[in-house]
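> Just to be clear, the model below is a prediction. Sequence and coordinates:
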Amino acid sequence: MDIVFIQGLKIDCVIGIYDWEREIRQDITLDIEMSADIKPASETDHIDQTLDYKAVSKRLIEFVKTSEFQLVETLAEKITQIILTEFDVERVKLTLNKGEVVTGVQGVGVIIERNRG
C-alpha cells in the first residue's frame, strides 16, 4: 500500500473537560497517513483514480468544527472512522495535537492507528 498524507491540518473546535474549555474554541492540528493504492492514478494521471486529500481535508474540517467532544481520544477515533468508512483507505494513522495546553510543553494529544474491518 502507498501512503497519502495530510500534515498540519489546523481546525478550531470545542474540546476539553474543563468548564472554561467548553466556552472557547481551540485549535487542534492533525497529521494523517492513509494507506491507499495510488498506482492507478500514476498510470492514468487522473484524480478519480487516487485518494483525494482535499476531499478528506474538507470532510474533516466540516466534522471537527461542529464537534464538541470532551476527550481527544474520542475525537481521534471518530476522525479515523470517517476516513475508513467514507474514503478508499485500508489503514489510517492519525496524530491529533491539542497544542500548548499544559505549561511547558509544545503539544499534547494522541496518536492512533486503525485498519478497515
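Perfect, thanks for sending it.

> Tell me where the protein has helices.
19-22, 39-44, 53-66, 72-86 (DSSP state H).

> Quick one: closest of the ones you listed to L9.
In terms of Cβ to Cβ, the element of these nearest to L9 is helix 53-66, at 5.9 Å. Every residue, glycine included, has its C-beta placed from N, CA and C.

> so how far is R22 from the closest residue to E43 other than its chain neighbours?
Spatial nearest neighbour of E43, chain neighbours left out: Q49 (7.7 Å); criterion: Cβ to Cβ, 6 or more residues apart in numbering. Distance of Q49 to R22, given as Cβ to Cβ, to the nearest Å: 43 Å.

> what's the spacing between the closest residue to M1 other than its chain neighbours and V92?
Spatial nearest neighbour of M1, chain neighbours left out: S35 (3.9 Å); criterion: Cβ to Cβ, 6+ apart. S35 sits 7 Å away from V92, going by Cβ to Cβ.

> who's more crowded, those two?
V92 (23 against 18; other Cβ atoms under 10 Å).

> who does the more buried one bridge with?
In this entry, V92 is beta-bridged to M34, R114, by DSSP bridges.

> Could you pull up phi and psi at the spatially closest residue to V4 that is not a sequence neighbour?
Leaving aside its chain neighbours, V4 sits nearest to L51 (4.5 Å; criterion: Cβ to Cβ, 6+ apart). Main-chain torsions, L51, degrees, to the nearest 10: phi -90, psi 120.

> Verify the contact between L51 and D88 for me.
Yes - judged on Cβ atoms under 8 Å, L51 makes contact with D88 at a distance of 6.3 Å.

> who touches both of the two?
A36 (Cβ atoms under 8 Å, 6 or more residues apart in numbering).

> With T44 as the reference, measure out to E86.
Noted for E86: a distance of 22 Å to T44, by Cβ to Cβ.

> got it, and I82?
For I82, the distance to T44 - Cβ to Cβ - is 27 Å.

> Show me which of those two is the more surrounded one.
I82 (17 against 11).

> residues touching the more buried one, list them.
Per Cβ under 8 Å, 6+ apart, neighbours of I82: 59-60, 63.
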